[in-house]
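Engineer: Show me how the following folds:
(chains A and B)
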2 protein chains.
Amino acid sequence: MSSQLDRPRPKIVIVGAGFGGLQCARRLANKPVDVVLIDRNNYHLFTPLLYQVASSLLNPSEIAIPVRSVVNQAPNVRFRLATVNGVDFSSQHVQIIDGADIHYDYVVLALGCATNYFDLDPERHGLSGVKDLPEALALRNQVLERFEVALTEQDDEQQRQHMSFVIVGGGPTGVEYAGALAELFRRVLVHDFPDLDLTRARVVLIEGRDRLLIDFPSPLGDYARSRLERLGVEVRLKTLVKGYENRLVSLDNGETLPADTLIWAAGVKPTRLSQELTLPRAVAGRIEVDAYLRVAGQERVYAIGDMAAMQDASGVLPMMAPPAMQAGRHVADNILSDIRDQPMQPFRYRDKGIMATIGRNAGVARIGRLKFRGFPGWVAWLLVHLYFLIGFRNRLAVLFQWGWNYFYYDRPIRIITRTEK
Amino acid sequence: MSSQLDRPRPKIVIVGAGFGGLQCARRLANKPVDVVLIDRNNYHLFTPLLYQVASSLLNPSEIAIPVRSVVNQAPNVRFRLATVNGVDFSSQHVQIIDGADIHYDYVVLALGCATNYFDLDPERHGLSGVKDLPEALALRNQVLERFEVALTEQDDEQQRQHMSFVIVGGGPTGVEYAGALAELFRRVLVHDFPDLDLTRARVVLIEGRDRLLIDFPSPLGDYARSRLERLGVEVRLKTLVKGYENRLVSLDNGETLPADTLIWAAGVKPTRLSQELTLPRAVAGRIEVDAYLRVAGQERVYAIGDMAAMQDASGVLPMMAPPAMQAGRHVADNILSDIRDQPMQPFRYRDKGIMATIGRNAGVARIGRLKFRGFPGWVAWLLVHLYFLIGFRNRLAVLFQWGWNYFYYDRPIRIITRTEK
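Structural biologist: Numbers count the residues shown, from 1 in each chain, chains lettered A, B, ... in the order given. Just a heads-up that it's a prediction; the model follows:
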């Protein structure tokens, strides 16, 4: 059709279909490049609502969007369900487990991050995570099962231990999950278990620093704490977990908390693959990138999102969805500029704010310089999360679930189910 | 409050929260008896729509209703999540794995049935079932994964084998799942996999007898066959599966079909627990019951649903939801009569009909003596299934999913997910 036909279209491989990778792929849709988007799951996960799957409020499919459904309108974007084993930067190949290497002209690394359990071993110590869909479903099962077990327990102390849930980490995930659990117990399960005294169920939220939501303005963290305490959550600040043996959580002040369930939401680290890449590091194992989000010392290698130490004037950006999404689009534009021999633009994060919810009618939000809390914060949280969910259908479905829960105090998804028997 | 206080309330234990057991429990709600309803799952499963979970159309929670949410308005009905190990009829106790025995005055056995794999071993041969929720979710994963595998397969024959699905059993489950798979491939996955020739995907439906839907009037079985063939399903009648080794299905006519996936919907048998009970048997291992649904030779022991050889003038009743539901309510009434020293009534099944759907806009139904097929049969199927779903919310949610699929030709639940990693 045009002289463009003479030169082969540059091939861009994007590793990871999280917030950064997916935005990058969408921005490159229908552009004169060939894109291969790789993920080990066939879905993009809207992780900010994962805690609602773990508390019987949402279905997995409402926050897990098939990647193919997002990109199947763009003939130049191909999805590959595969696990990446490494990247050969000299020969420009992405290595796939059980598959042929994939050549790239540009590669965008968007691997996210993994949970940092520090000295604990999640398998051996029986910790629950809330970072991916299998973990959220396993946690939903665990929570519901503990009450079934408590129901037939004769011993009072044992019964209380079955109904005790310790959450480690006072960031948004820990705060939001603590609120969601407290409401699940006091609003829903209380009707399901008339023979159990649900006021004896414990939710303990443990944070090492001196307030919750450390990335928020400090009055909002204080508000979150008082709201959680009104819901019956025990908040322990300036407290560290030292170990978890025989269903006893040991704290650094010498205290022990008997609890069948320990939920770990306290820290992240680079993924195994990210750790294995021979690339320069900035803070906390995150990959060093320049202002254009190129990996230092590499040609045509970009890193974005949680795995990269993306910077702006205020310092290294937080590991959250908005910087990743903006970086994904920015990298797409920069690659297109580079292909056209135009100058790339430095990445500038437009900070629109941060927010968290603490149960029904209560939220905290910083939007620009404005602070909201209580009902306005909660409404802001709802609208923003609905807006950023991909797909009209998912927005409708989530709105339906939230509305049902709001008006009927009901969580109909409290089923214990497994894929494998 | 009344003289009733002097005598202890009779205790009725219902084993199984399927269609029969749950109806029995609901009928006994708020009656002067104590009811314990036991199931190994915390949900009641609306099995007629299970094939829609296995074909990415419905969420598990839309057909799995928490048993506690159904009975938690009745203070005299208690649910127990437990696996029953046996029944001691002489001492009148139900035995629980890892729990104390439960005494009963009356016991209602409603155990359902299990898949009969005949000479094949589902584990060793890698067969897929579609009888419970874990199986349906595993099958959904398997179907979606096969196309991901096919995408990178270079060998033409291998690729076709990955995309070949053999369904054994031409009853309602096999017919409905064959139609649902064919539509999933040709209407949905065709857009997700532009690089695959989806017309090469095979769905083969195998039935031993000379027509499909043997329990339906014969013109309806013939119609189902022609509809399925129009959808591209290969229907093989008078054909038996002899074996399945190395992904090759061997048929009794000597032919072999290469297929990664073999779905078994060809026959049922008593559950392990039912087999172990020392009770008299009628046909096919089903428990012999009298006209009042009491187990022959036992006092205050009732058996209902698929596990029991319930009879009326037309002979042994089919293993379907409607007879089980009616029997559940009938047994509840008979037990209440017995407690009041009033005569029990013999069970009479009111046959309202049978129906099945074969993809979009096509169904078959016998309602009383009337036969419907095509669009009227499909509408009848929709209305009846929505009506019998428990709970206004589930009806709304399923209607939403069906409507979305109908108008957008989309199945948004095509995610591959596991509970365990």
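Engineer: List the contacts of A:Leu120.
Structural biologist: Contacts here follow CB atoms under 8 Å, 6 or more residues apart in numbering or on different chains; on that basis A:Leu120 touches A:Leu127, A:Val241, A:Gly243, A:Tyr244, A:Trp264. Placement of C-beta: from N, CA and C, glycine included.
Engineer: Could you look up the SS state of it?
Structural biologist: coil (DSSP: H, G, I helix; E, B strand; the rest coil).
Engineer: Would you mind measuring from it to A:Val168?
Structural biologist: Using CB to CB, to the nearest Å, we find A:Leu120 at a distance of 9 Å from A:Val168.
Engineer: can you give me the helices in the stretch 1-150 of chain A?
Structural biologist: Along the stretch 1-150 of chain A, counting by DSSP state H, counting those that start in this stretch, helices occupy A:19-28, A:50-53, A:60-63, A:67-71, A:122-125, A:133-151.
Engineer: Make CSV from these and add distance to B:Gln275 to it.
Structural biologist: Shown next, in CSV, are the helices of the stretch 1-150 of chain A (distance: least, CB to CB, whole Å):
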stretch, distance to B:Gln275
helix A:19-28, 51
helix A:50-53, 38
helix A:60-63, 35
helix A:67-71, 44
helix A:122-125, 37
helix A:133-151, 27
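Engineer: picking up where we left off before, among the contacts of A:Leu120, name the ones in strands.
Structural biologist: Within the contacts of A:Leu120, residues falling in strands by DSSP state E are A:Val241, A:Gly243, A:Tyr244, A:Trp264.
Engineer: By proximity to chain B, which residue of the stretch 251-400 of chain A wins?
Structural biologist: Ranking the residues of the stretch 251-400 of chain A by distance to chain B (CB to the nearest CB) places A:Arg393 first, at 5.6 Å.
Engineer: contacting residues around that residue?
Structural biologist: Counting by CB under 8 Å, 6+ apart, A:Arg393 touches B:Trp404, B:Tyr408, B:Asp410, B:Pro412.
Engineer: For my notes, confirm it occurs in a strand.
Structural biologist: No - A:Arg393 is assigned helix when assessed by three-state DSSP, not a strand.
Engineer: Any figure for the gap between it and B:Lys242?
Structural biologist: Applying CB to CB to A:Arg393 and B:Lys242 gives a distance of 44 Å.
Engineer: got the residues of the stretch 251-400 of chain A near chain B?
Structural biologist: Within the stretch 251-400 of chain A, the positions adjacent to chain B are A:Gly391, A:Arg393, A:Asn394, A:Leu396, A:Ala397, A:Phe400 by CB under 8 Å from any CB of the partner chain.
Engineer: so the last one, which of the three states?
Structural biologist: So the one you mean is A:Phe400. Relying on three-state DSSP, one would call A:Phe400 helix.
Engineer: is it true that it touches B:Phe400?
Structural biologist: Yes - at 7.0 Å, A:Phe400 counts as touching B:Phe400 under the criterion of CB atoms under 8 Å.
Engineer: By neighbours, which of the residues of the stretch 251-400 of chain A next to chain B wins?
Structural biologist: A:Ala397 (23 neighbours; other CB atoms under 10 Å in any protein chain shown).
Engineer: Need the pLDDT of that one.
Structural biologist: We have a pLDDT of 88 for A:Ala397.
Engineer: now do A:Ala296
Structural biologist: We have a pLDDT of 89 for A:Ala296.
Engineer: dump the residue contacts of it.
Structural biologist: By CB under 8 Å, 6+ apart, the contact list for A:Ala296 reads A:Leu279, A:Pro280, A:Glu288, A:Val289, A:Asp290.
Engineer: circling back to that earlier point, now render the contacts of A:Leu120 as JSON lines, adding neighbour count, pLDDT and distance to B:Pro258.
Structural biologist: Shown next, in JSON lines, are the contacts of A:Leu120 (neighbours: other CB atoms under 10 Å in any protein chain shown; pLDDT from 0 to 100; distance: CB to CB, whole Å):
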{"residue": "A:Leu127", "neighbour count": "19", "pLDDT": "95", "distance to B:Pro258": "44"}
{"residue": "A:Val241", "neighbour count": "23", "pLDDT": "96", "distance to B:Pro258": "54"}
{"residue": "A:Gly243", "neighbour count": "13", "pLDDT": "95", "distance to B:Pro258": "54"}
{"residue": "A:Tyr244", "neighbour count": "22", "pLDDT": "96", "distance to B:Pro258": "50"}
{"residue": "A:Trp264", "neighbour count": "26", "pLDDT": "97", "distance to B:Pro258": "46"}
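Engineer: and A:Tyr409, how many neighbours?
Structural biologist: By other CB under 10 Å, the residues close to A:Tyr409 number 14.
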